[in-house]
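Peer 1: Curious how this folds, go ahead:
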Amino acid sequence: MSANDTYEAVIGLEVHAQLLTDSKIFCGCSTKFGLPPNSQTCPVCTGMPGSLPVLNRKALQFTIKTGLAMNCSIAGFSRFARKNYFYPDLPKGYQISQYELPVCEHGYVEISVGGGTRRIGLTRIHLEEDAGKNIHEGAGTYSLVDLNRAGVPLMEIVSEPDMKSPEEAGAYMRKLRTILRYIGVCDGNMEQGSLRCDANVSVRPVGAVALGTKVELKNMNSFKFVEKALEYEIKRQVNAIKSGEKIIQETRLWDSAAGVTQSMRTKEEAHDYRYFPEPDLVPFMPAETWIEEIRASIPELPDARRERFASAYGLPEYDADLLTSERPLADWFEECVRKGAQPKAASNWIMGELMRLLNEDGISIEGSPLVPAGLVELLSLIDAGTISGKIAKTVFEEMYRSKKSAALIVKEKGLLQISDASELSAVVDQVIASNPNEAGRFRDGEVKLLGFFVGQVMKATKGKANPGVINDLLKKKLSGK
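Peer 2: Model prediction:
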């Protein structure tokens, strides 16, 4: 829904996901990112006359795997088509894609937004080759073309026009990325272009059945930009209609610096591409046994894992959501639990101290210098009363930085918790004597001052005093019992 109560938005997304294959879709060239321009090319991916494509089996396997994970039906008969258009980064003059017979159809994903759940339909998931990249930077009145990306395998995931707001579109994109990363078919790196999104958006009067004229938005390389571009475009269309302007079907680019969409070209229709069956590739008919093998290889998906974390481990919804947002993070947490950690305690330390340090260093959980066994050891020292929770934070960061064990750090730094009541009694006496006014106020009923005294004792013992023992001593001595 737009910010205006008179009109509503209708949004559909076309998401291109680069598949995690080592080689391109129709040849043996590398798909590695960031190599010198035009160094990963051959006659097939550069469209040399007489060269013939051969389908990468893993690319097809990954597409089927994605379709199954997103509740699609898998076609028993599918084939490629030629999508004909001219552009400098398309050396053949056509793209090998799919048209009337895609690999996957009629799926859905569920998103959580606004405190509820919505099901977003998928029209199709098909397989195609990527184009090259035009480079317009540098001096001169010419552009350069890098064909390293030409022939890289892509899945195009086409949604139904089921989304009603930029927030829903953002939630949908995040859900797709999470699933793709969970099943290991795409790394989801939007900055490198391995996950790209085009949006189709129109507006119509609230309650109307007929769709408005759709506009395609391109050049959105982050979730934030997808949401901002849609927000701007919805407002632009509503304002245009109110001013009596006619919306035209066109492609617009998102200018993130200016925060506006700008017209690029009129939008093509399917017939403009003159699709016809690809003559150099035979249709494919995946065996049912192979499809079932692929289905069996799909791991527990994020929705199911989130529900299990909440039910099996008793975690709050917030914890379960965050911990299952990335498969490696969920795996890290479960390894802690398997090694004996209490689930909520492990969750608190992972979401708090560990994520803070990882974010500061700009690394993911896969690159964490601290392993699950290290956190489990630390938690066991806290549970045994060997160290206090406050000291544990110091030990945790030292473990993260040095990779030393918790026990070794505690020994080297003399951080053992003081739990001997006779040893702490003198410290408590000194703190009470040093704060007579506060002691009097406590005895007059200002019981919240107990926290002040606990803090003073912790300060005097450099955080090593056992909080439970301190509390007992303070209550007895302050009340005169």
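
Peer 1: surely residue 427 meets residue 459?
Peer 2: No - between residue 427 and residue 459 there is no contact, the gap being 10.2 Å when judged by C-beta atoms under 8 Å. For glycine as for every other residue, the C-beta is placed from the backbone atoms N, C-alpha and C.

Peer 1: out of the two, which sits in the busier spot?
Peer 2: Here residue 427 and residue 459 are set side by side on neighbour count (other C-beta atoms under 10 Å), and the busier one is residue 427, at 18 against 11.

Peer 1: the longest strand in the protein is where?
Peer 2: What stands out as the longest strand in the chain, according to DSSP state E, is strand 116-129.

Peer 1: On the C-terminal side of that one, identify the next helix or strand.
Peer 2: Downstream of strand 116-129, the first helix or strand assigned by DSSP states H and E is strand 133-135.

Peer 1: That following strand pairs with which strands, parallel or anti?
Peer 2: Partner strands and pairing direction for strand 133-135 (DSSP bridges) are strand 144-146 (antiparallel).

Peer 1: Give me the domain ranges for this protein.
Peer 2: Dividing the chain into domains by automatic domain parsing, as the record does, gives the ranges 7-292, 300-413, 421-479.

Peer 1: got CSV for those, with mean pLDDT too?
Peer 2: Formatted as CSV, those follow (pLDDT from 0 to 100):
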stretch, mean pLDDT
domain 7-292, 92
domain 300-413, 94
domain 421-479, 83
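
Peer 1: where along the stretch 101-250 of the chain do the helices fall?
Peer 2: Secondary structure of the stretch 101-250 of the chain (DSSP state H, counting those that start in this stretch): helices located at 166-182, 223-242.

Peer 1: any idea of the angle the first one forms with helix 223-242?
Peer 2: Relative orientation of helix 166-182 versus helix 223-242 (axes from the mean of the first three to the mean of the last three C-alpha atoms, to 10 degrees): 150 degrees.

Peer 1: okay, the angle between helix 166-182 and strand 116-129?
Peer 2: The directions of helix 166-182 and strand 116-129 differ by 60 degrees, with the same axes, to 10 degrees as the criterion.

Peer 1: What helices and strands are in contact with helix 166-182?
Peer 2: Helices and strands touching helix 166-182, by 3 or more C-beta pairs under 8 Å, 6 or more residues apart in numbering; DSSP states H and E, are strand 7-18, helix 57-69, strand 104-113, strand 116-129, strand 195-205, helix 223-242, helix 302-313.

Peer 1: Please export the C-alpha coordinates of it as PDB.
Peer 2: Output for helix 166-182, consisting of C-alpha atoms alone and laid out as PDB, is shown next (Å, rounded to 0.1, in the frame of the first residue of the first chain):
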ATOM      1  CA  PRO A 166       8.300  -1.900  -0.400                       C
ATOM      2  CA  GLU A 167       8.600  -3.600   3.000                       C
ATOM      3  CA  GLU A 168       7.000  -6.800   1.600                       C
ATOM      4  CA  ALA A 169       9.400  -6.700  -1.400                       C
ATOM      5  CA  GLY A 170      12.400  -6.300   1.000                       C
ATOM      6  CA  ALA A 171      11.200  -9.200   3.200                       C
ATOM      7  CA  TYR A 172      10.700 -11.400   0.100                       C
ATOM      8  CA  MET A 173      14.200 -10.600  -1.200                       C
ATOM      9  CA  ARG A 174      15.700 -11.400   2.200                       C
ATOM     10  CA  LYS A 175      13.800 -14.700   2.300                       C
ATOM     11  CA  LEU A 176      14.900 -15.700  -1.100                       C
ATOM     12  CA  ARG A 177      18.600 -14.900  -0.300                       C
ATOM     13  CA  THR A 178      18.300 -16.900   3.000                       C
ATOM     14  CA  ILE A 179      16.900 -20.000   1.200                       C
ATOM     15  CA  LEU A 180      19.400 -19.800  -1.600                       C
ATOM     16  CA  ARG A 181      22.300 -19.600   0.800                       C
ATOM     17  CA  TYR A 182      20.800 -22.400   3.000                       C
END
